[in-house]
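Chemist: what's the 3D shape of this:
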Amino acid sequence: MPHSIRGHRSLVQEAAIITGTDRPAPPGRSAPTPTGRLRVVPAPASRRPRLSDREIEVMLTWLRAESKQEAAGELFISVSTVSTHISRIRVKYESAGRPATSKSSLFVRAIQDGYATLDDW
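Modeler: You can find the predicted model right below:
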């Protein structure tokens with residue numbers, strides 16, 4: 001079951017809203033397919049931040065969780081460690097010119113950069 005970020009919307013719905021499905025998408029954005037499903041056009045490698053394996057693990061666990069506390073428990077780390085990883089990931093995306101200031105936008109970046117697929121959710 002998808003997790004809700006803002007009220008009743010799921011992360012997948014937020015991704016559709018953020019990326020826009022009513023127009024062709026440039027590289028690094030999602031684009032609609034003829035069936036209406038989103039097709040992800042990967043971001044150019046030069047614009048992808050270099051995330052460590054642990055950063056990816058923490059990011060994906062947090063995206064699937066209802067809270068940082070839940071993610072921390074699953075990973076056997078503290079909530080502040082989850083927060084530190086997420087902050088560093090956001091700094092890396094900002095440095096790459098692709099800010100991810102919310103959980104929803106970080107979800108979109110994870111899809112765009114191939115760390116997860118919509119089918120995973």
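Chemist: Against L118, how distant is S52?
Modeler: 24 Å (C-beta to C-beta, to the nearest Å). Yep, even glycine has a C-beta here, placed from its N, CA and C like the rest.
Chemist: ok, these two, which is more surrounded?
Modeler: L118 (16 against 12; other C-beta atoms under 10 Å).
Chemist: Model confidence for the more buried one, exactly?
Modeler: As predicted, L118 sits at a pLDDT of 87.
Chemist: Report the separation between it and R98.
Modeler: The value you get for L118 to R98, if C-beta to C-beta is used, is 19 Å.
Chemist: just R90 next, same as before
Modeler: 10 Å.
Chemist: shared neighbours, these two?
Modeler: Applying C-beta atoms under 8 Å, 6 or more residues apart in numbering, one finds that no residue jointly contacts R90 and R98.
Chemist: tell me what the longest helix along the chain is packed against?
Modeler: Secondary structure of the chain per DSSP state H: the longest helix is helix 79-95. Where contact means 3 or more C-beta pairs under 8 Å, 6 or more residues apart in numbering; DSSP states H and E, helix 79-95 is packed against helix 53-64, helix 68-75, helix 103-112.
Chemist: Pull out the buried residues from that helix.
Modeler: Neighbour counts over helix 79-95 (16 or more other C-beta atoms under 10 Å) mark 81-82, 85-86, 89-90, 92-93 as buried.
Chemist: Could you find the closest non-adjacent residue to A110?
Modeler: Spatial nearest neighbour of A110, chain neighbours left out: A116 (4.9 Å); criterion: C-beta to C-beta, 6 or more residues apart in numbering.
Chemist: Return stretch 64-78 as PDB; C-alpha atoms alone will do.
Modeler: Taking Å, rounded to 0.1, in the frame of the first residue of the first chain, the C-alpha atoms of stretch 64-78 are listed here in PDB:
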ATOM      1  CA  ARG A  64       8.700   3.500   1.900                       C
ATOM      2  CA  ALA A  65       8.300   4.400   5.600                       C
ATOM      3  CA  GLU A  66       5.600   6.500   7.300                       C
ATOM      4  CA  SER A  67       8.300   8.400   9.300                       C
ATOM      5  CA  LYS A  68      12.000   8.700   9.900                       C
ATOM      6  CA  GLN A  69      11.500   6.900  13.200                       C
ATOM      7  CA  GLU A  70      10.000   3.900  11.300                       C
ATOM      8  CA  ALA A  71      12.900   3.900   8.800                       C
ATOM      9  CA  ALA A  72      15.400   4.200  11.600                       C
ATOM     10  CA  GLY A  73      13.900   1.200  13.400                       C
ATOM     11  CA  GLU A  74      14.000  -0.900  10.200                       C
ATOM     12  CA  LEU A  75      17.700   0.000   9.600                       C
ATOM     13  CA  PHE A  76      18.700  -0.200  13.300                       C
ATOM     14  CA  ILE A  77      20.000   3.300  13.300                       C
ATOM     15  CA  SER A  78      19.000   6.500  15.100                       C
END
